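Participant: this is a predicted model, with the sequence first.
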Amino acid sequence: MHTMSEAEGFFDLQVNGYGGVDFNRPDLAAGDLHRACERLAADGVGGILATITTEALDRMAACLANVAALRERDPLAERLIAGFHIEGPFINEVPGYRGAHPADCIRPGNVDEMKRLLDAAGGFVRLVTIAPERDAGLAMTRLLARQGVIVSAGHCDPDLDQLRAAIDAGLSMFTHLGNGCPNQIPRHDNIIQRALSLCGRLWLCFIGDGVHIPLFALGNYLRVAGLEKTVVVTDAVAPAGLGPGTYGHGRFAITVRDDGAARIAGTEQLCGAALPLRGCFENLVRHVGLSEADARRLTVTNPRRAIGLPGR
């Protein structure tokens, strides 16, 4: 198995927390952020987008401002954290599509509220996940695209015309395709098929832990979409890299099982993942059948390209 050098480091567009540290805490301490970054670096990660997810707007803004301030004072964090990914709260509230995002904090698209989150992050937001069908007049999409922020569809169910219109307005990515949707969906006209049909116009992201998407199905998706505009992410939460057990993340207690997935304790509801990106890379080679070069493309080069950073 190829060993990643530090210069090649993995790049993860979706890291909610790591090594026991939850980025979605407004009281996150400097030492904890540094510890998470040390653990990421030890696991071969060269860069991430720190991901802040659906909560009350005040709390989301506080989390963004805190991580931005801590990063400025920590050279390791400054090197590893290339920006923020805001996932929610402007997503589809329907059960299944909202996933583990708390229903009481999901809200329709609002330009002023989006601006508030952008301001709290100090201009450091690189990626925002929204539901196009909850973005009236695609106003948020246009605002974000004008500011150079990557707009991604996720936790959503736009019809094909809505998705095409969102792309025309500046949408350029799809967040963890195959997840953030119900287990039971129409067999042909569904959000997965719609996104795949537009793969030439979208970056498609997939969680590579083998649980969120069975690896044979991930192989199917990659064969359809190709490797030019596809990315593998972890969707890592606080327990990532710690192994099986029960941990806290946000408002939830999370159980990590031997399969490396994170679930809300006592349920089957997936709530992020706990497998490091190195494990996703190994899945791509061992179980999906990609070459090491192609697996690096999806975990090292493409994630950087997708957000406008130089590929390595």
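Facilitator: Cool, got the structure.
Participant: show me the helices in this protein, by range?
Facilitator: 30-42, 57-72, 75-80, 111-120, 139-146, 160-169, 191-197, 215-225, 277-283, 292-296, 302-306 (DSSP state H).
Participant: closest one to Leu204 among these?
Facilitator: Leu204 sits nearest to helix 215-225 of all the helices of the chain, at 5.2 Å, using C-beta to C-beta. In short, each C-beta sits where N, CA and C put it, glycine included.
Participant: what is that closest one packed up against?
Facilitator: Contacts defined by 3 or more C-beta pairs under 8 Å, 6 or more residues apart in numbering; DSSP states H and E place helix 215-225 against helix 191-197, strand 203-207.
Participant: now with 10 Å?
Facilitator: Secondary-structure packing of helix 215-225 (3 or more C-beta pairs under 10 Å, 6 or more residues apart in numbering; DSSP states H and E): helix 191-197, strand 203-207, strand 230-233, helix 277-283.
Participant: Throw these into TSV and include distance to His176, thanks.
Facilitator: Formatted as TSV, those follow (distance: least, C-beta to C-beta, whole Å):
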stretch	distance to His176
helix 191-197	11
strand 203-207	5
strand 230-233	7
helix 277-283	12
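Participant: among these, which is nearest Ala61?
Facilitator: strand 230-233 (24.0 Å).
Participant: picking that back up, how about the helices and strands packed on helix 215-225, which one is nearest Arg79?
Facilitator: helix 277-283 (16.6 Å).
Participant: mean confidence score for that closest one?
Facilitator: On average, the pLDDT along helix 277-283 is 97.
Participant: so, low pLDDT: which residues of the stretch 1-150 of the chain?
Facilitator: Under the criterion pLDDT under 70, the flagged ranges of the stretch 1-150 of the chain are 1-8.
Participant: just to revisit the earlier point, need the helices and strands packed on helix 215-225 in CSV with distance to Pro75 and mean neighbour count, can you?
Facilitator: Shown next, in CSV, are the helices and strands packed on helix 215-225 (distance: least, C-beta to C-beta, whole Å; neighbours: other C-beta atoms under 10 Å):
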stretch, distance to Pro75, mean neighbour count
helix 191-197, 38, 19
strand 203-207, 29, 26
strand 230-233, 25, 27
helix 277-283, 22, 22
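Participant: nearest to Phe23, of those?
Facilitator: strand 230-233 (14.7 Å).
Participant: paired strands for that closest one, with orientation please.
Facilitator: Partner strands for strand 230-233, per DSSP bridges, with pairing direction: strand 203-207 (parallel).
Participant: excluding covalently adjacent residues, which one is nearest to Val233?
Facilitator: Closest residue in space to Val233, ignoring its immediate chain neighbours: Gln14 at 4.2 Å, by C-beta to C-beta, 6 or more residues apart in numbering.
Participant: contact partners for that neighbour?
Facilitator: Applying C-beta atoms under 10 Å, 6 or more residues apart in numbering, we find Gln14 in contact with 48-51, 53, 85, 87, 127, 129, 152, 154, 175-176, 205, 207, 231, 233-236, 272-273, 277, 303.
Participant: just the buried members of those residues?
Facilitator: Applying 16 or more other C-beta atoms under 10 Å to the contacts of Gln14, the neighbour count classes 48-51, 53, 85, 87, 127, 129, 152, 154, 175-176, 205, 207, 231, 233-236, 272-273, 277, 303 as buried.
Participant: among these, which are in strands?
Facilitator: Judged by DSSP state E, the buried ones among the contacts of Gln14 include 48-51, 53, 85, 87, 127, 129, 152, 205, 207, 231, 233, 272-273 as members of strands.
Participant: format the helices of the chain as CSV; extra columns: distance to Val94.
Facilitator: Formatted as CSV, the helices of the chain follow (distance: least, C-beta to C-beta, whole Å):
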stretch, distance to Val94
helix 30-42, 33
helix 57-72, 21
helix 75-80, 35
helix 111-120, 20
helix 139-146, 19
helix 160-169, 15
helix 191-197, 12
helix 215-225, 23
helix 277-283, 28
helix 292-296, 34
helix 302-306, 27
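Participant: between the ones you listed, which one is closest to Cys105.
Facilitator: Nearest to Cys105, of all those, is helix 57-72, at 8.1 Å by C-beta to C-beta.
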